[in-house]
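[1] predicted model follows, preceded by the sequence.
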2 protein chains.
Amino acid sequence: MTPTDCVLTIGSYSDADKAALADAFGARFLVGPADIAGLDQATRDKVTAVAFKGHHPFGAAEMDLLPNLGLIANFGVGYDAIDVAAASARNVRVTNTPDVLNDDVADLAVAMLLMQGREMAQASDWARSGQWAEKGEYPLNRKVSGGRAGIVGLGRIGREIADRLAGFKMDIHYTSRREKETPGWTFHADPVSLAEAVDYLIVALVGGAETAGHVSAEVIAALGPRGVLINISRGTTVDEEALIQALSTGKLAGAGLDVFLNEPKIDPRFYDLPNVVIQPHQGSGTVETRAAMAKLQRDNIAAYTAGSALLTPVN
Amino acid sequence: MTPTDCVLTIGSYSDADKAALADAFGARFLVGPADIAGLDQATRDKVTAVAFKGHHPFGAAEMDLLPNLGLIANFGVGYDAIDVAAASARNVRVTNTPDVLNDDVADLAVAMLLMQGREMAQASDWARSGQWAEKGEYPLNRKVSGGRAGIVGLGRIGREIADRLAGFKMDIHYTSRREKETPGWTFHADPVSLAEAVDYLIVALVGGAETAGHVSAEVIAALGPRGVLINISRGTTVDEEALIQALSTGKLAGAGLDVFLNEPKIDPRFYDLPNVVIQPHQGSGTVETRAAMAKLQRDNIAAYTAGSALLTPVN
């Protein structure tokens, strides 16, 4: 194996990450999986590992163009763009970058909940537009502390969110594959029961086909006109059409969304909804965390090329 | 004492609060303390209690216009608009509405810290303006969890803020009149030492002459170019000119401000500073909390008129 030829890097990386990848593996850079087909056969034959970043599908067809591929090292905890079953069938290992981003994603979830509940964007506009001086105080909004929060998916990120919300004296409810050890939080077997029990529903599921549409029209209806939906997982986990309908007709109080279907070309109807906090999928988007994710991705590749155990294998 | 004549209500109240005050005390409504002089002598002579709300000064001159005044029941925890020394000298009792607003104010402090750190207003604009679709992801910002937070004034609100930030795995430092029992938080005797030790400085002091300018130019310099100032107390506690200078010249990273000098006509230079989250003094501005504050104000008046012990006396 020639280290300078074996790693193919796909996706949009920072200059620092590109330099680190090039230093470590002499990496060759492509924009997306679709560009693999543009490489000549000799180049493709040499590829044994891919450093992958992004949301464009990396499926069986792309894998078959790389006959010596042994590893897809994903940048990010969510690897729903990668067809893991197809990878396993070809003896291709997949890794991701879990845990190092939990704090940031949980921070953004709580921040969106607070910003939505306390109408901070609107209150800021009130001050900046001069209405504070002209009309007086901003209309009263809604108390957040002491509310009831429901975590859909109490995995590692969900747990971080719940721990933070407990600091706001919230009554914590959750769904999960199975009941977990918690400080007295309430387990619900299904998301409709969860949504009925809470004011804030925070989606912290993994992405992919298994969870597509998990937050269904029925769940959104159960959350109700005082309910707020927060999503930091994947746009696919929520029935977005039902969400937009509920927000448009007062059947849901509001939402805080970092993820959407068809990102970054999101449904423009979101822009016209007054009670939605929109973030551009920046959950893990801090300097510190992206550096940690990039390092974990490189460490997985280094482990693979050295024949060592992968650090964070998916399959 | 004739209940329908004895209580004078000063300030801007919600319709519900006005109705409740009128029901309980048949209250007469004025906009501000300056309007007391416009009442005729017979009316002024009847006033034994004032339900006070607002930030216009209520001093010795106004009190002397009400010769039978025995109580000023303030709506809000901060009573710096009232000259308490002048009240005490006239045997006028003062009450406020502490504790019932601690949660909301602490929520807003943490929310401003997160919104500032994760640049959520700018990131929202990035998505809504179409730059997300055109240019790609929003530039990386700064990790909040795990940072170092300094609470200036570990009173009841400061404690609520610290408890929440501990949930974000922050290293908590504080100043206070004296060292307090904490879960291992670091006490600093002076605010400069505190500011030097932290990334985020959160001001939770009482207002009034005693704390005016407490967060001085020296404290702001000690906080430094990576530092962020959060203020939910009173505009007077911070040297605002020094703050604006530091923010304008990169000597401070950012700020989150719910309170200002000369509210609501705040210094317009704040509008041009990119890294400032501005809120229109809405710390306690939720339906639930304002109702609780109004009830506590009325309960103090009722206790006074019944000759019972005041619930939350200031002097």
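    On my side now, so go ahead. All figures in this text were calculated on a predicted structure; none of them were measured in a lab. Residues are numbered from 1 along each chain as shown, chains lettered A, B, ... in the order given.
[2] so A:Ile301 makes contact with A:Ile72?
    No. Under the criterion of CB atoms under 8 Å, A:Ile301 makes no contact with A:Ile72, lying 10.0 Å away. Yep, even glycine has a C-beta here, placed from its N, CA and C like the rest.
[3] overlap of the contact sets of those two?
    Jointly contacting A:Ile301 and A:Ile72 under the rule CB atoms under 8 Å, 6 or more residues apart in numbering or on different chains are A:Ala49.
[4] who's more crowded, these two?
    A:Ile72 (31 against 26; other CB atoms under 10 Å in any protein chain shown).
[5] need the residue closest to the centroid of chain A.
    By CA atoms, centre = their mean, chain A has its centre lying nearest to A:Ser233, at 3.8 Å.
[6] may I have stretch A:268-284 exported as PDB, CA atoms only?
    Extracted in PDB, the C-alpha atoms of stretch A:268-284 (Å, rounded to 0.1, in the frame of the first residue of the first chain):
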ATOM      1  CA  PRO A 268     -39.200  28.200   1.700                       C
ATOM      2  CA  ARG A 269     -42.500  28.100   3.600                       C
ATOM      3  CA  PHE A 270     -40.400  27.900   6.800                       C
ATOM      4  CA  TYR A 271     -39.200  31.500   6.200                       C
ATOM      5  CA  ASP A 272     -42.800  32.800   6.600                       C
ATOM      6  CA  LEU A 273     -43.600  31.100   9.900                       C
ATOM      7  CA  PRO A 274     -43.100  33.500  12.700                       C
ATOM      8  CA  ASN A 275     -42.500  31.000  15.500                       C
ATOM      9  CA  VAL A 276     -39.600  29.000  14.000                       C
ATOM     10  CA  VAL A 277     -36.000  29.400  15.000                       C
ATOM     11  CA  ILE A 278     -34.000  28.300  11.900                       C
ATOM     12  CA  GLN A 279     -30.400  27.300  12.200                       C
ATOM     13  CA  PRO A 280     -28.200  26.100   9.200                       C
ATOM     14  CA  HIS A 281     -27.300  22.600  10.500                       C
ATOM     15  CA  GLN A 282     -24.600  24.100  12.700                       C
ATOM     16  CA  GLY A 283     -25.100  21.700  15.700                       C
ATOM     17  CA  SER A 284     -21.500  20.600  15.700                       C
END
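[7] so how far is it off the chain centroid?
    Offset of stretch A:268-284 from its chain centre (CA atoms, centre = their mean, to the nearest Å): 14 Å.
[8] and it, anywhere near chain B?
    Yes. Using CB under 8 Å from any CB of the partner chain, we find that stretch A:268-284 touches chain B at A:271, A:277-282.
[9] and the longest helix seen in chain A, what's buried?
    Counting residues, the longest helix in chain A under DSSP state H turns out to be helix A:287-305. Neighbour counts using 16 or more other CB atoms under 10 Å in any protein chain shown place A:288-294, A:296-305 of helix A:287-305 among the buried residues.
[10] what's the offset of that helix from the middle of its chain?
    Centroid separation for helix A:287-305 versus its chain: 18 Å, with CA atoms, centre = their mean.
[11] anything in it near chain B?
    Yes. Judged by CB under 8 Å from any CB, helix A:287-305 and chain B are in contact via A:287-290.
[12] ok, now stretch A:199-219?
    No. Counting by CB under 8 Å from any CB, no contacts exist between stretch A:199-219 and chain B, the nearest distance being 12.0 Å.
[13] neighbouring contacts of that stretch?
    Outside stretch A:199-219, the residues that reach it (CB under 8 Å, 6+ apart) are A:78, A:80, A:109, A:113, A:117, A:147-155, A:157-158, A:161, A:165, A:170, A:191-192, A:194-195, A:223, A:226-234, A:236-239, A:242-243, A:246.
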